[in-house]
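>>> quick check, what structure comes out for this input:
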Amino acid sequence: FVKKADGQRRSAAQVLAMPNVSLSDVERAVHLHHVRGRRDADGEAADTVPARDEEVPAHGEVPLLVEPIARETVEVATKYADYIEVQERKVALAARHESLALPWDISYQQLVGLSNEEVEKLTAAQPRTLRDAAAISGITPSCLHILLAHVRGATPRRAGRSRTHAVHGQRIRDG
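Predicted coordinates for the structure are as follows:
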């Protein structure tokens, strides 16, 4: 219902997902759009997100689009929908590869993107498979994705650190 600078329309959910936009802001914009029926030069609906200093009806005069009991849930779900979708894809990817064996000599502290807590827990537990790693409390889908990428040979190592790995039963140091 809102046009971006490039002329593309944004849905109410896309506007709500923007930083510093609340559900009340979207409700006011929808109300103004319907009350004023604003149009731009092309006859299209004009931007309807009111400027902060624009005179708008008081909150009590704007009809609620979402029942009070569900307002927080709607805002959180909308603002984090993209992040949640990415995490769900990572979980599904890890689940498809849960039986993948982790190298016995993996050096978790050299993997970029793991938190210190994840490094400590993985080092202490020494999981044998991705499934074992997933069973460790505090291990995130992102961590599992990093482990999967590492095993597949796609994870960068932290700069300035060397890595030891096994080739034909011998330890070889690189980096």
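>>> and for residue 89, the neighbour number?
12 (other C-beta atoms under 10 Å). The way it works is simple: take the backbone N, C-alpha and C, and place the C-beta from them, glycine included.
>>> nope, residue 136 is what I was after
14.
>>> show me the strands in this structure, by range?
Ranges of strands in the chain, per DSSP state E, are 2-3, 9-10, 163-167, 170-174.
>>> quick one: average pLDDT of the first one?
Over the span of strand 2-3, the pLDDT mean works out to 57.
>>> so where is this protein shaky, pLDDT-wise?
Filtered on pLDDT under 70, the chain yields the residue ranges 1-6, 35-60, 154-175.
>>> tabulate the CA atom coordinates of the helix ranked longest in it in CSV.
In the chain, assigned by DSSP state H, the helix with the most residues is helix 81-96. The C-alpha trace of helix 81-96 is given here as CSV (Å, rounded to 0.1, in the frame of the first residue of the first chain):
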residue,chain,number,x,y,z
ALA,A,81,9.8,-13.2,9.7
ASP,A,82,12.8,-13.1,7.4
TYR,A,83,15.3,-14.0,10.2
ILE,A,84,13.0,-16.9,11.3
GLU,A,85,12.8,-18.2,7.7
VAL,A,86,16.6,-18.2,7.3
GLN,A,87,16.9,-20.1,10.6
GLU,A,88,14.3,-22.6,9.5
ARG,A,89,16.2,-23.3,6.3
LYS,A,90,19.4,-23.8,8.2
VAL,A,91,17.7,-26.2,10.6
ALA,A,92,16.3,-28.2,7.6
LEU,A,93,19.7,-28.3,5.9
ALA,A,94,21.3,-29.6,9.1
ALA,A,95,18.6,-32.2,9.5
ARG,A,96,19.2,-33.5,6.0
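>>> what does it contact?
13, 17, 77, 130, 134, 141, 142, 144, 145, 148 (C-beta atoms under 8 Å, 6 or more residues apart in numbering).
>>> most surrounded residue in those residues?
residue 130 (24 neighbours).
>>> residue 147 is in contact with that residue, correct?
Yes - applying C-beta atoms under 8 Å as the test, residue 130 and residue 147 come out as touching, 6.2 Å apart.
>>> between the two, which contacts overlap?
Overlap between the contact sets of residue 130 and residue 147, as judged by C-beta under 8 Å, 6+ apart, is given by residue 102.
>>> farthest-separated two in the contacts of helix 81-96?
Across the contacts of helix 81-96, no pair lies farther apart than 13 and 130, at 33.9 Å, counting by C-beta to C-beta.
>>> burial check on residue 122, number of neighbours?
23.
>>> how about stretch 120-130: buried residues?
121, 122, 127, 130 (16 or more other C-beta atoms under 10 Å).
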